[in-house]
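J.: What shape does this take:
(2 chains)
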Amino acid sequence: MRKVLALLAIVLVVTSSLFAGGSAESTAPASAENPLTIKVANYALLESGYEDFWNGVKEGFEAQYPQYKIEWVTAPYGEILNQVINMAGGGDRVDVIFGEEAWVPQLYASGLAAPITDIIDADFVADFDPAVMDVFTIDGGIYGIPLYVSPFILYYNTELFEQAGLDPANPPKTYDELLDAAEKLSQLTDTNGNKIYPFGQTTASVVVSGNALISMIYNFGGDVFTEDGQLNVDNDGFHQAFEMLATLDDLGYNPQNAKLKDLRNLFALGQLAMYYDQSWGFNGVTSINPDAASFTASAAPLAGGDGTGEAVLCAHCFILVDNGDAKNEAVNAFVQYVISEEVLNDYMANVTPAYPAKNSMADMTAVAESGVLKGASSSISNVKKVPYVSAMSDIALDLCTLAQAVTVSNTPVDEAIDAFVRSASTKL
Amino acid sequence: MKSLSKKKGDMYYAMALTIPAVILALFFIFIPIIDSVIKSFQDYKVRNIIANLPGEWNNFDNYKKIFQSGALPNAIVNTFSFVILVIICQFVLGMALALVLNSNVRCARFFRSIMMTPWVVPTVISALIWMWLFQPQYGLFKYLVSVFTGGSVADFAMLNNPSTALLGVSIAALWKQIPLMTLLLLAGLQNVPTDILEAATIDGAGSVRKFFKITVPYLSPVIKVSISMSIIENFKQFPLFWTMTGGGPDGATTNLAILSYREAFVSMNMGSGAAVTTIWMALMIVTIGVYNKLFRTQDLT
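T.: Residues are numbered from 1 along each chain as shown, chains lettered A, B, ... in the order given. Okay, the predicted model is just below:
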């Protein structure tokens, strides 16, 4: 008898472990008494400086719409996409993903991203700059809605410019001017005798570095892809961008193999005179040096070769998942609640400096009074769309490898580009 | 007759007790492996998972692309270089530490306790700690190298140089893994019979001779298991690489784990990721098989 009981216990444990989980969802209409929960995937809640804002969003939204509740799905920045996809694979789809414009191709290719025009009110969507919305457009559908935008802009340290005898009101406008300024800036050291790098372009093996490199290629008037998403690197701008990286490396002007956060650290500590970053990267600078605003200014991306300094437009955005009418209604309310001057003004003024994507928010005080963003404001109209490529993230990492080849490995540019083409072409 | 049925009953009972383990192994090990191998021959992307669509046979396309990209040979070389370097250093240093802790050194228990600290630190945290130590502008290693070279090497950047990056990740792996190796070897050393060691001492055997002729043979089962564990651990090492270098610079630390992750979760191509994983699994099986064969040969001599 004891043996039988023991066996029954084992069978129970095994079956319960195999088939545990799952819950029934209520189909009753949403109300304050029976609120509908929407799941919002948000990596920012795990990053310092952003938690208060997003908790305030949840509190404010639930107070304004008592029939809805927000459930955060969190994971670190590098893992949130996998988390969302793994959940969807198990039948548990989130309703909203807070992410970057670079995630849209992956989520579109995975079949998760829904056209926002199916979910968000048309008059709300119509208020966005069409050039900005073009960034989120794939095969005629719009698959993301931006909270705010920024190209990769040039942040520079006005105090170091003065120390080097440069005019802080006239930052370089071209890569040739950059090299001239860099020569003077490279003579400086900080108070501890540490080297000061004149210029920072991220090249480390992370996806955002690849996007920054595409932006640099665009600065030179180059291309990476054709309009239909095929590889297109046989152009002067592409070659010139990597030749410039090799030159900057030979002269010791650019910190090697640096991530954006490394550049932010160096800039905050006064060991980097200029660097490319998304506007909101300044939050990373002020988290290390709260006084950074006193010496920081911004400028439009540099022009190189025959280019005009075009750049990649970046955005923090919502990517939406179609989980049925009831959820879509809640998501519509949530998106419109967040992307509003009332909610975003303080955030963009104090936490995440950025340019608004909505026309009606163009004159909001967070932007009008932003000292650090003023210099680069013209850059917002000189952006270029990255064509849709489903393997964009992996190719971005290949671009980082190419940049590392011409810098840390001293591989000749043409040879490194050949290796890049060999690897990237198998992914398209 | 009665005893035979009792014997049968016991046998059925024993078989029933093994069923949970068999079911779990079947569902969580064997089926996923077979499924992964099947998917390595299919066009199978994230969209298939989400929409619950079956993969389609794609005529070895995943394997062809992996070989055409040129990334595979580099990843295999990096994987084996890392495994060999880490295991040799880990065994030598782990054995040295175990011998020290097994002697009558003062505060041995205390050292044994604090020595385990790196082992309990999560791998990602270890990676972050070592990234900061190797940081090229203000890291401790840069400062130490500058001091010891009299300032002639002022910009040492372990993880930024393709020729030293793998060494940098190996140092982080060693820091984390040596404690476990030491602990296992120490447990083995404490089972070496002291009477045989004393007899050898009386017979005039020196320390080195006693170590190689008595200690090592007695330790060989422990050595075999601990090195097998270490081969597997380092063959599939992912978090240290991904956190510290992301496979860079210039592919210098792209191992099979990184390559597989990039194919499956960055390119979102599960079929291609499965192809790398299948090659990776085959290499690991061969490696462990060769190791076991070599070690068995050594046992017999």
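
J.: Which residues are in contact with the residue in the stretch 151-300 of chain B positioned nearest to chain A?
T.: As assessed by C-beta to the nearest C-beta, chain A sits closest to B:Gly246 within the stretch 151-300 of chain B, at 3.3 Å. Every residue, glycine included, has its C-beta placed from N, CA and C. By C-beta atoms under 8 Å, 6 or more residues apart in numbering or on different chains, the contact list for B:Gly246 reads A:Ala204, A:Ser205, A:Val206, A:Leu397, A:Cys400, B:Ile258.

J.: and if you look at B:Val86?
T.: Residues in contact with B:Val86 (C-beta under 8 Å, 6+ apart) are B:Ser170, B:Ala173, B:Leu174, B:Gln177, B:Ser230, B:Asn234.

J.: element containing it, please.
T.: helix B:71-102 (DSSP states H and E).

J.: For that helix, the averaged confidence score.
T.: Averaged over helix B:71-102, pLDDT sits at 94.

J.: Give me the buried stretch members for it, please.
T.: Buried residues in helix B:71-102, counted by 16 or more other C-beta atoms under 10 Å in any protein chain shown: B:71-72, B:74-76, B:78-80, B:82-83, B:85-87, B:89-91, B:94-95, B:97-99, B:101-102.

J.: now stretch B:209-229, how far from the chain's geometric center?
T.: 19 Å (C-alpha atoms, centre = their mean, to the nearest Å).

J.: Name the residues that touch it?
T.: The contact list for stretch B:209-229, computed with C-beta under 8 Å, 6+ apart, reads B:87, B:91, B:94, B:180-181, B:184-185, B:187-189, B:191-193, B:196-197, B:200-201, B:205, B:288, B:291-292, B:295, B:298-299.

J.: can you do 7 Å?
T.: B:87, B:91, B:181, B:184-185, B:187-189, B:192, B:196-197, B:200, B:288, B:291, B:295, B:299 (C-beta atoms under 7 Å, 6 or more residues apart in numbering or on different chains).

J.: which of the contacts of B:Val86 has the most neighbours?
T.: Neighbour counts for these, by other C-beta atoms under 10 Å in any protein chain shown, peak at B:Ala173, which reaches 28 neighbours.

J.: pretty sure that one contacts B:Gln237?
T.: Yes - with contact defined as C-beta atoms under 7 Å, B:Ala173 reaches B:Gln237; the gap is 6.4 Å.

J.: residues contacting residue 127?
T.: No chain was given, so I picked chain A. By C-beta under 7 Å, 6+ apart, A:Asp127 lies in contact with A:Lys358, A:Asn359, A:Ser360.

J.: right idea, wrong chain: chain B
T.: B:Ala172, B:Pro239, B:Leu240, B:Thr243, B:Met244.

J.: So how do I select the buried members of these in ChimeraX?
T.: The following ChimeraX line selects those of the contacts of B:Ala127 that are buried, judged by 16+ other C-beta under 10 Å:
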select /B:172,240,243,244
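
J.: near chain B, which residues of chain A show up?
T.: A:3, A:7, A:10, A:14, A:18, A:82, A:85, A:88-89, A:106, A:109-112, A:204-206, A:255-257, A:266, A:271, A:391, A:393-394, A:397, A:400-401, A:404-405, A:408-409, A:422-423, A:426-427 (C-beta under 7 Å from any C-beta of the partner chain).

J.: Can you go through the residues you listed and name the buried ones?
T.: Neighbour-count burial (16+ other C-beta under 10 Å) applied to these gives A:7, A:14, A:82, A:85, A:88-89, A:106, A:109-112, A:204-206, A:255-257, A:266, A:271, A:391, A:393-394, A:397, A:400-401, A:404-405, A:408-409, A:423, A:426-427.

J.: If anything else comes up later, I'll come back, but that's it for now.
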